[in-house]
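Novice: turn this into a model:
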Amino acid sequence: MKGLIMKLGRRLRMAMVGGGPGAFIGEVHRKAAGLDGEIKLVAGAFDINPAKSQQMGKDLALGQDRIYDTYTEMIKQESKLPESERIDFVAITTPNNWHFPIARDCLKAGFHVMCEKPMTITSAEAKQLAALVKKTGRVFGLMHNYTGYPMVKLAKDMVKKKDIGKIRKIVVQYPQGWLATALERTGSMQAGWRTDPKQSGAGGCVGDIGTHAANLAEYITGLKITHVCAELTTFVKGRKLDDDCNCLIKFDNGAKGILHAR
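Specialist: As a prediction, this is how the structure comes out:
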């Protein structure tokens, strides 16, 4: 997005899909987008419930005409606005199963996209989306927020300068642990969709936070994972997705690794 800001020579106008009342990651992205003053939230469809979307937009002090009941309505109405007013890009912060259709429709409409991971929940969708990005020439960014932390940037720089020598072993972990009990049965919205394969996809813990650990291992070291031997476990009885993962990993320079998430 920094390159887009430089090209346009002004602040970017952002719309958000998801991130309504009770959501977690939407507020994180709104705060992150405002850190350097180069992005302004101007529109959004914040919840699948139109009333909640409207309430969120009002809470964010958006103009009534830029608060939408659905993302399809947002795309349609924003496309009608003059280029000097319409949104530049869309931030997608919905449950996983919505990432692909929203990204696809936004790209087709000519809008740039920043999407929460995973970009899709099937490889077929991923290939289709990659082809669409190439065809439209729009920017598509996949959000792995931990790469923006100063400590992570420092670690990456230390590795690049060879301050720690040759990398032979990488140990990365993300022991969150908040789903150690069946919170999805208590009415928790966050636990509910993350443990539902129809909304989350085929991966539970490994897809939600294990991917962050893998991303950090590659980002900091500059190496690529080539082999994975994984054990996925579901400790909570009756849960349909994994809530614990242990992986043995090989990297392209011959280094070995261990990844743990729960």
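Novice: gap between the two ends of stretch 107-120?
Specialist: One end of stretch 107-120 sits 14 Å from the other (CA to CA, to the nearest Å).
Novice: that stretch - what's its average pLDDT?
Specialist: Stretch 107-120 comes out with an average pLDDT of 96.
Novice: contacts for it, please.
Specialist: For stretch 107-120, contacts defined as CB atoms under 8 Å, 6 or more residues apart in numbering pick out 1, 4, 15, 18, 25, 29, 75, 78-79, 87-94, 96, 99-100, 102-103, 106, 126, 129, 132-133, 136, 138-144, 201, 207, 211-212. Bear in mind the C-beta positions are built from the backbone N, C-alpha and C, glycine included.
Novice: now, these that are in helices?
Specialist: 4, 25, 29, 75, 78-79, 99-100, 102-103, 106, 126, 129, 132-133, 136, 211-212 (DSSP state H).
Novice: helix, strand or coil for the closest residue to A230 other than its chain neighbours?
Specialist: Sequence neighbours aside, C247 is the residue nearest to A230 in space, at 4.5 Å (criterion: CB to CB, 6 or more residues apart in numbering). Three-state call for C247 (DSSP: H, G, I helix; E, B strand; the rest coil): strand.
Novice: quick one, domains of this structure?
Specialist: Domain assignment for the chain by automatic domain parsing gives 2-143, 163-261.
Novice: helix, strand or coil for K156?
Specialist: When classified by three-state DSSP, K156 comes out as helix.
Novice: can you count the residues close to it?
Specialist: Applying other CB atoms under 10 Å, we find 16 residues neighbouring K156.
Novice: what sits against the closest residue to it other than its chain neighbours?
Specialist: Sequence neighbours aside, I220 is the residue nearest to K156 in space, at 4.8 Å (criterion: CB to CB, 6+ apart). I220 makes contact with 152, 155-156, 159 under the criterion CB under 8 Å, 6+ apart.
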